[in-house]
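What follows is a predicted structure for the sequence shown.
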2 protein chains.
Amino acid sequence: MSKGLPKRSEDYSQWYNELVKKADLAENSPVRGCMVIKPYGFAIWEKMQATLDKMFKDTGHRNAYFPIFIPKSYLSKEADHVEGFAKECAVVTHYRLKQAADGGGVVVDPEARLEEELIVRPTSETVIWSTYKNWIQSYRDLPLKLNQWANVVRWEMRTRLFLRTAEFLWQEGHTAHETEEEARQETLLMLQVYTDFVQDHMALPVIQGVKTESERFAGAVDTYCMETLMQDGKALQAGTSHFLGQNFAKAFDVKFAARDGGLDYVWGTSWGVSTRLMGALIMAHSDDSGLVLPPKLAPIQVVIVPIFKNQEQLEAISVVASGLIRQLNELGISVEYDDRDTYKPGWKFAEYELKGVPVRIAIGPRDLENNTAEVARRDTSEKQIVKQQEIGAKVKHLLADIQDSIYRKALKYRDQHITDVDSYEAFKSVLETKGGFVRAHWDGTANTEQRIKEETKATIRCIPLDQRQEPGTCIYSGEPSQQRVIFAKAY
Amino acid sequence: MSKGLPKRSEDYSQWYNELVKKADLAENSPVRGCMVIKPYGFAIWEKMQATLDKMFKDTGHRNAYFPIFIPKSYLSKEADHVEGFAKECAVVTHYRLKQAADGGGVVVDPEARLEEELIVRPTSETVIWSTYKNWIQSYRDLPLKLNQWANVVRWEMRTRLFLRTAEFLWQEGHTAHETEEEARQETLLMLQVYTDFVQDHMALPVIQGVKTESERFAGAVDTYCMETLMQDGKALQAGTSHFLGQNFAKAFDVKFAARDGGLDYVWGTSWGVSTRLMGALIMAHSDDSGLVLPPKLAPIQVVIVPIFKNQEQLEAISVVASGLIRQLNELGISVEYDDRDTYKPGWKFAEYELKGVPVRIAIGPRDLENNTAEVARRDTSEKQIVKQQEIGAKVKHLLADIQDSIYRKALKYRDQHITDVDSYEAFKSVLETKGGFVRAHWDGTANTEQRIKEETKATIRCIPLDQRQEPGTCIYSGEPSQQRVIFAKAY
């Protein structure tokens, strides 16, 4: 059965939007720019959360929870920060409604105006550093390495499910350190934790780099990022890790008694990934038939579909299926058995393809006779007949192979879409025809960066970390340059 | 070392406030009525969450996420609902700040006024039922059994850490059913799930009951609850499960094609527990030395404290400790080894007492000679010397015994504080002297309920489910009554 998904080659954007809805991942809510994350989509996010949360704890972080509201005056305490966030925030001005005088519903009670407006957090540096001030007195209180899982709100004007929504879910780590060096190490450690997660679990290769000044987090000294490439040749920033220097410590007067007896400002970092990762996951691997999920993040890793003409056949197949489920569960593999008689097998096959279930097992009457089952992998659609007693080992191997295989496919695509150019003409031509990451020399000025962005819509994604110095000349200005940077059109 | 905690007998309220802060559970934030949940407090909440989440999934529920904002007009669609929540809500009226003309920080941009104000969700029935309208067409789409973990805001005027805060964390289940009977079963199922959690994990006995009309959730047909008793004789409502009838289906026009071909309104339930449970947990078992945590919810179940005079002794003890840690970890017991030399053993003992760690193991030089360790339980302070090779089995048994023992202690206290009274004089006297739950006859009118509340501050906590009919006369009005109800002063 066709699920009516547009083809990627015809309309990639529409394909994504439809896929998110038809695969039951998310939908727009009645509240402008806010999404509803549906159970199947949320189950994927829960797997991401659980994995990341363990990685954070394994690297010495603990969870906490800070208020959703930020007093307006707090935002202003760090000059760049307010500049970056004041333009798109939800402002709470009142704390009560009352019946309208005309009886037509409720209105804001003008008597209940807040003395100081509250901002729904767009990010929590300000409220957290105002708290750290009370928690940090001495070097003995450092490092302080906390994380919170929370919702945040940024009043985006143009929204897209998962990729850019007014409210989104995320985690935000906020750490405080004794020395600059330790804070810088933390920043890079978390960049690496994110990289490991995105590559090993989402099966998506990343380029690690540092942002230019104009793309930096508002209030950071340095913003490190991971850049991924989608199938339409556009880049997607998958996560960021910020070295905050002493900016927030100074804004909130957070000092500590140092080992040498002096009084120093604390060094800070912050880092976050969000439900935006869901967008990356969906776009990275999926095809015209639907989602392709990496087995490590698939809520259902294996679906078993019985093929039967009558109740007697179904019962015989169900006996076999329950044996297979036991085999698979013992290996820690999650299985769903879909024995509904309200849908035909063909419909079910299309449904689980759409939902990206990595492995499908079909059992029909002939399999009963032969003690076999048909095993199909979602990523390549390959099928094979497998002896029932070998299903566990076979599927376990297959899941590992799919995880590896979709990573290698994405890596190959990514590597084929990194192009070095040495002239502005070639730059524009690659962007228009091939897309992807374009490595080019840049003179290091915000002016050139801005002009290129205006003329081509490409931005500097990052100055890659893993790259040798290579003198050259800026493709735009002809001025000297020390190394290539990575440009792309981006989500 | 004294941690400077007030005694319960002197000032129970102050004891609670100080305990929450000194045990590093939570503190007030700079935002009025909102709390910061500190890492140790949050670790307990995470254990609660994980346990409940598994119980919800085991009973067929799935998680999803709905927007934090509710359009103002949605609140009004269910008449009782808006009545209950309009008076204490955070209202978002603008979506942008701008630089003040005088350069002094940022101000709300009057140009960025929302056409319709948004309410920060106090609970999500309205936004969820407006979504369910699109998800439910036929009986085949039912039941729909979803839960979300979220933050909610109710603008409480008098707040207390965990017990009553403007923002709190909770889960809210929202289910939709084909028949009244099925929805009623779900309501009671979730009441039982909560009961099992509170009794088996929090070690706190509950009374299950149904609320009177005046204490009912705004928009519910029936509100079921669990009532617990704190050590000061005041009741605390630990969770509620609501049978919503067709109220929200009618308010949001959610109909389904029934099996018989007709078109019916959907039947609903909702149910929730919140970080208020943390307040109950803290108050239920703790003593003048600090927290007493049930082992099932303790982030650290065992702490090992070395007692040493020099580095050589510490090293020898650390070898023994790592063996014990291995033994305990293999049994799934969480252990912390505190080998800091910046604090003395006495200080550490007091610290882990304050934090409610159920079992403390101390190892000193004499234990090295004898292959023993000193094992102390937090709840009774009993100590014993145990052979090192028996530590695992001993501690495992001890943790189970503590869990059981603090439940029995709370049960005994609770049962001793249920008093039957048959006159208003006796009623007032019990409330003033003994406190606790008072079982009395009530005439069933809101008027009597209100007067008793005004005169004594006691409210009807519930009409207990597990109680025989027993005709009598109302202690206040002398009118006839069919059964006793449970009164108490409450948090």
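Cool, the structure landed.

need the helices for chain A, in chain order.
Using DSSP state H, the helices of chain A run over residues A:12-22, A:39-58, A:72-75, A:79-85, A:125-135, A:180-200, A:247-251, A:276-285, A:311-330, A:345-354, A:365-370, A:391-416, A:424-433, A:446-456.

Can the fifth one be said to contact chain B?
Yes - using C-beta under 8 Å from any C-beta of the partner chain as the criterion, contacts between helix A:125-135 and chain B involve A:127, A:130, A:131. No exception for glycine: its C-beta is placed from N, CA and C like everyone else's.

quick one: contacts of that helix?
Around helix A:125-135, the neighbours that count as contacts under C-beta atoms under 8 Å, 6 or more residues apart in numbering or on different chains are A:66-67, A:69-70, A:74-75, A:77-78, A:81, A:121, A:141, A:144, A:146, A:174, A:176, A:219, A:244, A:248-249, A:251-254, A:266, A:268, A:270, B:29-31, B:36.

buried set for it?
Judged by neighbour count using 16 or more other C-beta atoms under 10 Å in any protein chain shown, the buried positions of helix A:125-135 are A:125, A:126, A:127, A:128, A:129, A:130, A:131, A:132, A:133, A:135.

could I get these as TSV with pLDDT?
Shown next, in TSV, are the buried residues of helix A:125-135 (pLDDT from 0 to 100):
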residue	pLDDT
A:125	97
A:126	96
A:127	97
A:128	98
A:129	98
A:130	97
A:131	98
A:132	98
A:133	97
A:135	98
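
mind listing what residue A:335 touches?
Residues in contact with residue A:335 (C-beta under 8 Å, 6+ apart) are A:300, A:301, A:302, A:303, A:304, A:324, A:325, A:328, A:329.

same check, this time on residue A:38
Taking C-beta under 8 Å, 6+ apart, we find residue A:38 in contact with A:24, A:25, A:26, A:27, B:64.

Pull the number of nearby residues for the nearest residue to it once chain neighbours are set aside.
Nearest residue to residue A:38, sequence neighbours excluded (C-beta to C-beta, 6 or more residues apart in numbering or on different chains): residue A:24, at 4.9 Å. By other C-beta atoms under 10 Å in any protein chain shown, the residues close to residue A:24 number 18.

now do residue A:460
Residues within reach of residue A:460, counting by other C-beta under 10 Å, total 21.

Now do the phi/psi pair for the residue nearest to residue A:38.
phi 60, psi 40 (degrees, to the nearest 10).

quick one on the thing from earlier: could you identify the buried members of the contacts of residue A:335?
A:300, A:301, A:302, A:303, A:304, A:324, A:325, A:328.

ok, those residues vs residue A:317, which is closest?
residue A:304 (8.9 Å; C-beta to C-beta).

you'd agree the closest one is up against residue A:324?
Yes - counting by C-beta atoms under 8 Å, residue A:304 touches residue A:324, with 6.3 Å between them.

shared neighbours, those two?
Residues touching both residue A:304 and residue A:324 (C-beta under 8 Å, 6+ apart): A:335, A:361, A:363.

Show the pLDDT at the closest residue to chain B within the stretch 301-450 of chain A.
Here the stretch 301-450 of chain A gets closest to chain B at one residue, residue A:342, 7.2 Å apart by C-beta to the nearest C-beta. According to the prediction, residue A:342 has pLDDT 88.

What separation do you get for it and residue B:179?
Using C-beta to C-beta, to the nearest Å, residue A:342 is found at 20 Å from residue B:179.

which one of the two has more residues nearby?
Neighbours per residue (other C-beta under 10 Å) separate residue A:342 from residue B:179, with residue B:179 holding more: 16 against 6.

Could I get the contacting residues of the closest residue to the more buried one other than its chain neighbours?
For residue B:179, ignoring the flanking residues on the chain, the nearest one in space by C-beta to C-beta, 6+ apart is residue B:267 at 6.3 Å. The contact partners of residue B:267, taken as C-beta under 8 Å, 6+ apart, are B:176, B:177, B:178, B:179, B:180, B:182, B:183, B:244, B:245, B:246, B:249.

next one: residue A:304
The contact partners of residue A:304, by C-beta under 8 Å, 6+ apart, come to A:321, A:324, A:325, A:335, A:336, A:337, A:338, A:360, A:361, A:362, A:363.

Good, we can wrap up now.
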